[in-house]
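> any chance you could fold what I've pasted below:
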Amino acid sequence: MTGKRNEAAKATAEDSRKYKAPALEKGLDILELLATSSEPMTTSQMAARLGRSVSELFRMVLALEYRGYITPAEDGRDGYALSNKLFALGIARAPTKTLLETALPIMSALSREIGQSCHLAVPSGDQIVVVGRIENPGDLGFSVRIGYRRPLIKAASGKVLFGFQAPDVQSVMLKALAGEDESELETFISSAEQARKAGYVRTPSDFIDGVTDLSTPVIGYRGALAALTVPHVVYHPEPCSVDRALEGLREAAQKISSLLTEQSH
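Just a heads-up that it's a prediction; the model follows:
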């Protein structure tokens, strides 16, 4: 009964809206659907998921592709995926732009010092998204691309972004994570609390052997604005130990946090 009441309330709210823009809403539906999909989707798959006909979406898909918001799937696969255009528009906003302008020079110095790549991630719903990175200064290295997304509960930076928040912010984030496996979510919350107590995350990568994920928060007025992360790779000879990389990472995050605080006053 509760589900039916919610649907009825939603329908009533839809009917009471003064202005509607059906074409725009179809386009937004497509973008929101692709944002939640880990795989490219064909027009017919989008139509099935959205409860619309292929003919309804066909011209909208072509328009979104023409404007650069979606792009044909790579590697010869069928379907479309989101491009980075929305992401680029998002990071052009003043808060993220200021974060990057402040962080990137410090990240560059850190990367040169420890001989490892580093990246900056922020929360986005139930995911983390990488908004800035600095490549390893050497000939070989491992790095994460800008725009990369991963579920919050599966990322080292996710533990930092959740653990270093005020309780009311955590409550909002937990609502976005409501669909996750209960035991996995409990483990994540426990790990995030441990990270808060330690001041950082240090854990073996769960999908690349030989990489240790080091992550620490960039702190704002009420909690973590971003997570600064080093995927520490074992090299021979080793340019920098994990312990020294973690020390440098924490110093860099503190420097970024301090500069952002100064700029806000």
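
> do you know the pLDDT at residue 2?
Per-residue pLDDT puts residue 2 at 43.

> and for the nearest residue to residue 173 once chain neighbours are set aside, the neighbour number?
Once its chain neighbours are removed from consideration, residue 173 has its nearest residue in residue 162; the separation is 5.8 Å (Cβ to Cβ, 6 or more residues apart in numbering). All C-beta atoms are positioned from the backbone trio N, CA, C, and that covers glycine. Applying the criterion other Cβ atoms under 10 Å, we find 27 residues in the vicinity of residue 162.

> ok, now residue 98?
Residues contacting residue 98 under the criterion other Cβ under 10 Å number 14.

> now it: how far from residue 220?
With distances defined as Cβ to Cβ, to the nearest Å, the gap from residue 98 to residue 220 amounts to 11 Å.

> name all residues that make contact with residue 77.
For residue 77, the residues meeting the contact criterion (Cβ atoms under 8 Å, 6 or more residues apart in numbering) are residue 40.

> surely it is within a helix?
No: assignment of residue 77 by DSSP: H, G, I helix; E, B strand; the rest coil gives coil, placing it outside any helix.

> intersection of neighbour lists for residue 98 and residue 220?
Contacts common to residue 98 and residue 220, judged by Cβ under 8 Å, 6+ apart, are residue 260.

> my read is that residue 73 contacts residue 42, right?
No: contact status for residue 73 versus residue 42: not in contact, 9.0 Å apart, counting by Cβ atoms under 8 Å.

> follow-up on the earlier one: any idea whether the residue nearest to residue 173 is helix, strand or coil?
Bear in mind the rule, three-state DSSP; under it residue 162 is helix.

> wait, what's in contact with it?
Residues counted as contacts of residue 162 (Cβ under 8 Å, 6+ apart) are 123, 152, 170, 173, 188-189, 192.

> from the chain's centroid, how far away is the helix or strand containing residue 128?
Under DSSP states H and E, the secondary-structure element containing residue 128 is strand 127-134. Centroid displacement of strand 127-134 relative to its chain, using Cα atoms, centre = their mean, to the nearest Å, is 6 Å.

> same check on stretch 20-32?
So, by Cα atoms, centre = their mean, the centroid of stretch 20-32 is 23 Å from its chain's centroid.

> give me the buried positions along that stretch.
26-27, 29-30 (16 or more other Cβ atoms under 10 Å).

> output the below-cut-off pLDDT ranges for the stretch 51-200 of the chain.
When the per-residue scores of the stretch 51-200 of the chain are filtered using pLDDT under 70, the ranges that remain are 75-76, 84, 86-96, 140-141.

> what segments of it are helices?
Assigned by DSSP state H, counting those that start in this stretch, the stretch 51-200 of the chain shows helices spanning 54-66, 85-91, 94-114, 156-163, 167-176, 182-198.

> just put those helices in JSON lines and tack on distance to residue 204.
Converted to JSON lines, these look like this (distance: least, Cβ to Cβ, whole Å):
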{"stretch": "helix 54-66", "distance to residue 204": "40"}
{"stretch": "helix 85-91", "distance to residue 204": "29"}
{"stretch": "helix 94-114", "distance to residue 204": "18"}
{"stretch": "helix 156-163", "distance to residue 204": "10"}
{"stretch": "helix 167-176", "distance to residue 204": "25"}
{"stretch": "helix 182-198", "distance to residue 204": "13"}
